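**Q** return a 3D structure for these sequence lines:
(one chain, ligands or ions: 1)
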Amino acid sequence: MTGFVFSEKPIRIERGEGAYVYDDGGNEFLDMGASYACVPLGHGHPAVDEAVTEQFETLTYVQASYPNSARTALYERLAGTAPGPVGKAWLCNSGTEANEAALKFARSATGNSKIVATMQGFHGRTMGSLATTWKNKYKEPYEPLIDGVEFVPYDDAEALSEAVDEDTAGVIVEPVQGEGGINPASAGYLRTAREVTEAAGAALIFDEVQTGLGRTGTLWNCEQAGVVPDILTSAKGLANGLPMGATLCRDWIAEDYGSHASTFSGGPVVSAAAEATVSTVVEDDLPAHAAAMGDYLRTELEASLGDEVREVRGEGLMVGVEVGRGANRALKELALNHGVLALPAGRTVVRLLPPLTVEEEHVDRVVEALEDVVG
Ligand SMILES: *Cc1c(COP(=O)(O)O)cnc(C)c1O
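**A** Purely as a prediction, here's the structure:
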């Protein structure tokens, strides 16, 4: 038997430590994609390792209908860090499930069905989340998906205001589009999204699966615009590499969520990993570190590549370098010739989502490598 969904890359990764991973020959690679932004603390962080080992030995799994202290500790930790009134959590196993639940909850709580989503947006690959994802290539083989999704241009407050009406259940939006090319929305747009959804009685859903947990310089990106959504979704780095997603909701959503569940919701081991991850992000002040390192990274990229590339953009340690058509070639050369792993975002952008713990030496290495590859 072999897997068939991912086309595998010619490097066999067997070990990780901090910002580095190692192949089967012991060669070192700087993981500037943090393996899809899933290891904000770097590989093998001791706080997470210890929490997981201890919980694994105590109780690996119990269904979520029994209270359990690992899960309770995570609920408390999330409530203490989530923006204001977004105080109730649904725990799941991935980003697409977190968004799938958000769409269901929005429909149930409002009694409406229409969902407004954005062009170039990405929200996952299960039927509901996929229906709100923009790229046709991801959707066409599986149609029909769910009905009632309307797409509007991203960061266009007027188009959004026109699309939201009394039949709208929710608006789902990434405060910075990730997969779509690292496109930050303006604060004004996010505020308009808040105003028009509130006026229509619709749920505002911020998909912070990629932007959350300090990556863009604040724990949640929406803090920067001063906007509190009705539903905020998180996943990717939430348990520093273990599968965990969360749909954080205001009371009016949680009170009328309908009927939703999942067998593995908030298992003790992943809950312990997530609690340790979120605690470390907060206690080590990693959002501020991500802001400082992100500024340094973008400044250095501008200085050495400003004339060679079309644009360097992003917030904190969520950075896109617009290199033109050759993004995939650049990524291959970065990996094979410079030992630097990064991600694409579409065909033209090299995407950097390093662990939030990176230091200037790591940044210098990636800037030097990119200069050689695209300069
Ligand atoms: C990755 C991603 C998802 C999907 O998460 P999965 O865990 O792959 O299902 C959803 N939204 C955003 C913004 C993402 O970056």
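**Q** does Pro184 touch Gly314 like I think?
**A** Yes: between Pro184 and Gly314 there is a contact under C-beta atoms under 8 Å: 6.9 Å. Bear in mind the C-beta positions are built from the backbone N, C-alpha and C, glycine included.
**Q** list the contacts for the residue in the chain positioned nearest to the ligand?
**A** Closest to the ligand within the chain is Gly95: 2.2 Å, counting by C-beta to the nearest ligand atom. Going by C-beta atoms under 8 Å, 6 or more residues apart in numbering, Gly95 touches 123-124, 129, 207, 209-210, 233, 235-236, 245.
**Q** swap in 7 Å and give it another go.
**A** Listed by C-beta atoms under 7 Å, 6 or more residues apart in numbering, the contact partners of Gly95 are 124, 209, 233, 235-236, 245.
**Q** phi, psi for it please.
**A** For Gly95, the backbone dihedrals (degrees, to the nearest 10) come out as phi -70, psi -40.
**Q** over to Val350?
**A** Torsion angles, degrees, to the nearest 10, at Val350: phi -90, psi 120.
**Q** who's in contact with the closest residue in space to it that isn't next to it in sequence?
**A** Nearest non-adjacent residue to Val350, counting by C-beta to C-beta, 6 or more residues apart in numbering: Val321, 4.6 Å away. Val321 makes contact with 301, 305, 309, 312, 349-350, 370, according to C-beta under 7 Å, 6+ apart.
**Q** a helix runs through Val321, doesn't it?
**A** No: counting by DSSP: H, G, I helix; E, B strand; the rest coil, Val321 is not found in a helix; it is strand.
**Q** can you name the residues bridging to it?
**A** Bridge pairing for Val321 (DSSP bridges) gives the partners Val312, Val350.
**Q** next one: Arg15
**A** Arg15 forms beta bridges with Tyr22, as assigned by DSSP bridges.
**Q** check Ile172 too.
**A** Bridge pairing for Ile172 (DSSP bridges) gives the partners Ile205.
**Q** quick one: pLDDT of it?
**A** Ile172 carries a pLDDT value of 99.
**Q** the residue lying closest to His45 once chain neighbours are set aside pairs with what?
**A** Take His45 and drop its neighbours on the chain: the residue closest to it by C-beta to C-beta, 6+ apart is Asn240, 6.0 Å away. On the basis of DSSP bridges, Asn240 is bridged to Leu242.
**Q** residues contacting Asn240?
**A** Counting by C-beta under 7 Å, 6+ apart, Asn240 has contacts 39-41, 45, 48, 273, 277.
**Q** and if we set it to 10 Å?
**A** By C-beta atoms under 10 Å, 6 or more residues apart in numbering, Asn240 lies in contact with 34, 38-45, 47-49, 51-52, 213, 273-274, 276-278, 280-281, 355.
**Q** equivalent analysis for Pro229, please.
**A** Counting by C-beta under 10 Å, 6+ apart, Pro229 touches 83, 85-86, 102, 170-173, 175, 190, 193-194, 197, 203-208, 220, 222, 248-250, 253.
**Q** rerun that using 7 Å as the cut-off
**A** When contacts are counted by C-beta under 7 Å, 6+ apart, Pro229 touches 86, 204-206, 222.
**Q** again with Glu208
**A** Listed by C-beta under 7 Å, 6+ apart, the contact partners of Glu208 are 175, 220-221, 232-234.
**Q** which other helices and strands contact the longest helix belonging to the chain?
**A** As assigned by DSSP state H, the longest helix anywhere in the chain is helix 286-305. Applying 3 or more C-beta pairs under 7 Å, 6 or more residues apart in numbering; DSSP states H and E, we find helix 286-305 packed against strand 311-315, strand 318-322, helix 360-374.
**Q** ok but Leu232 is inside a helix, no?
**A** No: going by three-state DSSP, the assignment for Leu232 is strand, not a helix.
**Q** gap between it and Glu28?
**A** Distance, Leu232 to Glu28, by C-beta to C-beta, to the nearest Å: 36 Å.
**Q** just Gly214 next, same as before
**A** Gly214 sits 25 Å away from Glu28, going by C-beta to C-beta.
**Q** and for Glu361?
**A** 13 Å.
**Q** between those two, who's got more neighbours?
**A** Neighbour tally, Glu361 and Glu28, criterion other C-beta atoms under 10 Å: the higher count belongs to Glu28, 12 against 9.
**Q** would you confirm that the more buried one contacts Tyr20?
**A** Yes: here Glu28 reaches Tyr20: they are 5.3 Å apart, a contact under C-beta atoms under 7 Å.
**Q** I'd assumed Leu30 was in a strand, is it?
**A** Yes: assessed by three-state DSSP, Leu30 belongs to a strand.
**Q** who's it bridged to?
**A** The residues listed as beta-bridge partners of Leu30 by DSSP bridges are Tyr20, Val340.
**Q** got a list of what it touches?
**A** By C-beta under 7 Å, 6+ apart, the contact set of Leu30 is 19-20, 339-341, 362, 365-366.
**Q** returning to that earlier point: how about the contacts of Pro229 in TSV, adding neighbour count, pLDDT and distance to the ligand?
**A** Output for those, formatted as TSV (neighbours: other C-beta atoms under 10 Å; pLDDT from 0 to 100; distance: C-beta to the nearest ligand atom, whole Å):
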residue	neighbour count	pLDDT	distance to the ligand
Val86	24	96	17
Leu204	25	98	15
Ile205	33	99	11
Phe206	31	98	10
Cys222	25	98	13
